[in-house]
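Undergrad: Please work out how this folds:
(one chain, ligands or ions: 1)
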Amino acid sequence: MQRLIVIGGGAAGSAVVGEFLRRGQPGEFELTWLVGRQAPGRGVAYSTTAEHHLLNVRAANMGLFADDAGGFIAYAQAQGWPVKGLDFVPRAWYGNYLEAVLAREISAARVRGLALRVLSVDAASVRGSDANGYVVGTAEGEEFDADGVVLAIGALPAAPLAEVTEAARGSHAYAADPWHWPLPRKAPERVVVLGTGLTAVDALQSASRLWPNAQLTAISRHGQLPRQHNAAPGQPYEHQASLLEALRAQPRVAHWLREIRAAMQDEGAEWRSVIDGLRAETQALWRSLGVNERARFQRHLRWLWESARHRLPQQTANELARLRTQGRLKILAAHIRSIDQHAGERDQLEVRVQPRGAESVRSFAADLVIQATGFNISVNATDHALIRQMVDEGVAHADALDLGLAADADGRLLRADGVPRHGLRSLGTLLRGSVWECSGLPEIRALAKTIACELPAELRRVAKPAHSRSSASTRAATFTPAVI
Ligand SMILES: Cc1cc2nc3c(=O)[nH]c(=O)nc-3n(C[C@H](O)[C@H](O)[C@H](O)COP(=O)(O)OP(=O)(O)OC[C@H]3O[C@@H](n4cnc5c(N)ncnc54)[C@H](O)[C@@H]3O)c2cc1C
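TA: Okay, here's the model as predicted:
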């Protein structure tokens, strides 16, 4: 029997575990799911309870499984929720769906006699074993043998920006983690959000509700909020195939920018359709770029791509426009130069910025600064215990630009020599540098299916020494009880 371990209890872990359960036969594998400290299912994005935090993908395309893209809308309508397929619904509703799907798949698997344990522990290490498999250690010192391991741990914990001084980091006025802010002792009058992407928008919406009198400022290098979705998707771009051909023919970002811009300006073309039409090919296009071109994209074009690709629902865009018209929200295009404690004021920070195109630096005071600069994916610098151990011991590596883990298109982690490791895969945001697009549910569920289909067959191809089979049961005697 194969021993499989999935690490991470968010939507990606749920998709992989669900796929294994849907496909598995009794006696084929023993699946252990290490979900970390949170209840399995929701992860970071869908743990919010705020009704104003909306999905940025239409309900019709948010099913958890690749062969059931409409699963969420079907579930929502069966519950009698007032949802149509084109709607952007609260992420909290989606979290309810994830929990319900998991409960359904787990109980069906139990009835069919599949072996599953769900443990509320953090994995702290993954090491190769001498039997062609892995040993996964937990923070509590337990060890589990595995033939195959899947990492689904989301992004890395937020790390404060280098421009933030120690004193500012230690104060109550700086929140490095955009999902968990310290609530200041008194309502802040000036809130600064670092970043203008989707995470920053979440923070701005919440701050504007919590503190209706606060002045909000969001700062990023280009000062661009995400573009907005249309009420309904436009017609597909008629020349999409020739656009793709042109991009594939010359994998250089300057050329791509020219081609994509021209297509977006094509008479009769809806620019959103041009961008959306690239989505299915984004991973292959990214992989066709050399390292220097990837770096160029990251430096010069990422902000433009992100604001066009990760769009806001109209309700959210309208809300931000209202805040700006009321003068409550300012968007600033500037480089952060430093964030320090304000002289003599323990809970006040001084933010120094250089506005885009200006020579001089200006500074202003803030009662709360929320860092919402996007996912942390730097595996070389992280203090995430598991990734630290795996990178330090050479079990996993950063991709060439340190934008996550080095992996192939099917999530196989690569050895230092670039050869895929046997039986060790990953999916989700940490594949940014390897495939670029793997944070949204559509890409996550596609890779979850690939892994669940391929991994058991891959493991069957390697014969195990007979002695290696007994160690699982020896260690299994020390397992903590399952949470489900
Ligand atoms: C604010 C926000 C909104 C989003 N909205 C959308 C949307 O509308 N549509 C869409 O398609 N995508 C959206 N996304 C993208 C989102 O990243 C994915 O949809 C999905 O939620 C990612 O899930 P994940 O499991 O990869 O990561 P996470 O949700 O981060 O889950 C990872 C889990 O792994 C656990 N973990 C970490 N380390 C360990 C360890 N060592 N051992 C055990 N467990 C560990 C963590 O505690 C966490 O529970 C959004 C993302 C964010 C942040």
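Undergrad: Quick check: residues of the stretch 151-300 of the chain near the ligand?
TA: Contact residues (Cβ under 6 Å from any ligand atom) of the stretch 151-300 of the chain with the ligand: 152-155, 198-199, 202. For every residue, glycine as well, the C-beta is placed using N, CA and C.
Undergrad: Show me how far stretch 51-64 is from its chain's centre.
TA: Here the centre of stretch 51-64 is set off from its chain's centre by 15 Å, with Cα atoms, centre = their mean, to the nearest Å.
Undergrad: Quick one: end-to-end distance for it.
TA: 21 Å (Cα to Cα, to the nearest Å).
Undergrad: Only the buried residues of stretch 283-292, if you could.
TA: For stretch 283-292, a neighbour-count test (16 or more other Cβ atoms under 10 Å) marks 283, 285-286, 289 as buried.
Undergrad: quick one on the thing from earlier: between the residues of the stretch 151-300 of the chain next to the ligand, which sits nearest the ligand?
TA: Gly154 (2.1 Å; Cβ to the nearest ligand atom).
Undergrad: which residues sit against stretch 407-416?
TA: Where contact means Cβ atoms under 8 Å, 6 or more residues apart in numbering, the residues beyond stretch 407-416 that reach it are 150-151, 283-284, 287, 394-397, 399, 405-406, 420-421, 424-427, 431, 434-435, 447, 450-451, 454.
Undergrad: quick one: the helices in the stretch 101-250 of the chain?
TA: 166-170, 198-210, 240-249 (DSSP state H, counting those that start in this stretch).
Undergrad: The first one packs against which elements?
TA: Read it as helix 166-170. strand 329-342 (3 or more Cβ pairs under 8 Å, 6 or more residues apart in numbering; DSSP states H and E).
Undergrad: Check which residues of the strand it packs on are buried.
TA: With the criterion 16+ other Cβ under 10 Å, strand 329-342 contains buried residues 329, 331-334, 336, 338-342.
Undergrad: Just the CA coordinates for it, please, in PDB.
TA: Provided in PDB are the C-alpha atoms of strand 329-342 (Å, rounded to 0.1, in the frame of the first residue of the first chain):
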ATOM      1  CA  LEU A 329      -8.700  57.400   0.000                       C
ATOM      2  CA  LYS A 330      -5.500  58.600  -1.800                       C
ATOM      3  CA  ILE A 331      -3.500  56.400  -4.100                       C
ATOM      4  CA  LEU A 332       0.200  57.400  -4.300                       C
ATOM      5  CA  ALA A 333       2.700  56.300  -6.900                       C
ATOM      6  CA  ALA A 334       6.000  56.300  -4.900                       C
ATOM      7  CA  HIS A 335       9.000  54.300  -3.700                       C
ATOM      8  CA  ILE A 336       9.000  53.600   0.000                       C
ATOM      9  CA  ARG A 337      12.400  55.000   1.400                       C
ATOM     10  CA  SER A 338      11.900  54.200   5.100                       C
ATOM     11  CA  ILE A 339       9.300  53.600   7.700                       C
ATOM     12  CA  ASP A 340      10.500  54.400  11.200                       C
ATOM     13  CA  GLN A 341       9.000  55.200  14.600                       C
ATOM     14  CA  HIS A 342       8.000  58.900  14.800                       C
END
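Undergrad: following it, which helix or strand shows up next?
TA: strand 345-355 (DSSP states H and E).
Undergrad: List the contacts of the following helix or strand past that following strand.
TA: For strand 345-355, the following helix or strand on the C-terminal side (DSSP H and E) is strand 362-366. When contacts are defined by Cβ under 8 Å, 6+ apart, strand 362-366 is touched by residues 173, 188, 190-192, 217, 342, 345, 348-355.
Undergrad: re earlier: in CSV, list the buried residues of strand 329-342 along with distance to the ligand and pLDDT.
TA: Below are the buried residues of strand 329-342 laid out as CSV (distance: Cβ to the nearest ligand atom, whole Å; pLDDT from 0 to 100):
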residue, distance to the ligand, pLDDT
Leu329, 19, 98
Ile331, 19, 98
Leu332, 22, 97
Ala333, 23, 97
Ala334, 24, 98
Ile336, 21, 97
Ser338, 27, 97
Ile339, 23, 97
Asp340, 28, 96
Gln341, 29, 92
His342, 30, 86
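Undergrad: Make a markdown table out of those residues and add distance to Asn56.
TA: Converted to a markdown table, the buried residues of strand 329-342 look like this (distance: Cβ to Cβ, whole Å):
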| residue | distance to Asn56 |
| --- | --- |
| Leu329 | 19 |
| Ile331 | 19 |
| Leu332 | 23 |
| Ala333 | 23 |
| Ala334 | 25 |
| Ile336 | 25 |
| Ser338 | 32 |
| Ile339 | 28 |
| Asp340 | 34 |
| Gln341 | 35 |
| His342 | 35 |
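Undergrad: what's the closest non-adjacent residue to Arg169?
TA: Pro160 (5.0 Å; Cβ to Cβ, 6 or more residues apart in numbering).
Undergrad: gap between the one you found and the ligand?
TA: With distances taken as Cβ to the nearest ligand atom, to the nearest Å, Pro160 is found 18 Å from the ligand.
Undergrad: likewise Gly10?
TA: Gly10 is 2 Å from the ligand, by Cβ to the nearest ligand atom.
Undergrad: wouldn't that residue be in contact with Ala39 here?
TA: No: checked against Cβ atoms under 8 Å, the pair Gly10 and Ala39 is beyond contact range at 10.7 Å.
Undergrad: Averaged pLDDT, stretch 211-219. What do you get?
TA: For stretch 211-219, the mean per-residue pLDDT is 97.
Undergrad: CA atoms only for it - export them in PDB, please.
TA: Taking Å, rounded to 0.1, in the frame of the first residue of the first chain, the C-alpha atoms of stretch 211-219 are listed here in PDB:
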ATOM      1  CA  TRP A 211     -12.500  53.500  11.100                       C
ATOM      2  CA  PRO A 212     -15.000  55.600   9.100                       C
ATOM      3  CA  ASN A 213     -13.100  58.800  10.000                       C
ATOM      4  CA  ALA A 214      -9.600  57.600   9.000                       C
ATOM      5  CA  GLN A 215      -7.800  59.000   6.000                       C
ATOM      6  CA  LEU A 216      -6.500  56.100   3.900                       C
ATOM      7  CA  THR A 217      -3.400  56.200   1.700                       C
ATOM      8  CA  ALA A 218      -2.300  53.300  -0.500                       C
ATOM      9  CA  ILE A 219       1.200  53.400  -1.900                       C
END
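Undergrad: Check which residues of it are buried.
TA: 211, 214-219.
Undergrad: Check stretch 176-196 too.
TA: In stretch 176-196, counting by 16+ other Cβ under 10 Å, buried: 176, 178, 181, 188, 190-196.
Undergrad: what do you get for stretch 130-138?
TA: By neighbour count on 16+ other Cβ under 10 Å, the buried set for stretch 130-138 is 131, 133-138.
Undergrad: So which of the residues you listed is the closest to Phe65?
TA: Val136 (25.3 Å; Cβ to Cβ).
Undergrad: Next, count neighbours for the residue nearest to that closest one when sequence neighbours are not counted.
TA: Spatially, and ignoring its direct neighbours in sequence, Val136 is nearest to Phe144 (4.8 Å; Cβ to Cβ, 6+ apart). Neighbourhood size, Phe144 [other Cβ atoms under 10 Å]: 24.
Undergrad: Number the chain from 50, please
TA: Renumbered: residue one is now 50, and that last one reads Phe193.
Undergrad: Isn't Phe193 up against Glu79?
TA: No: contact between Phe193 and Glu79 fails when scored by Cβ under 8 Å: they sit 10.1 Å apart.
Undergrad: Please enumerate the strands of the stretch 100-249 of the chain.
TA: Secondary structure of the stretch 100-249 of the chain by DSSP state E, counting those that start in this stretch: the strands cover 164-168, 172-177, 183-187, 192-195, 197-200, 223-224, 239-243.
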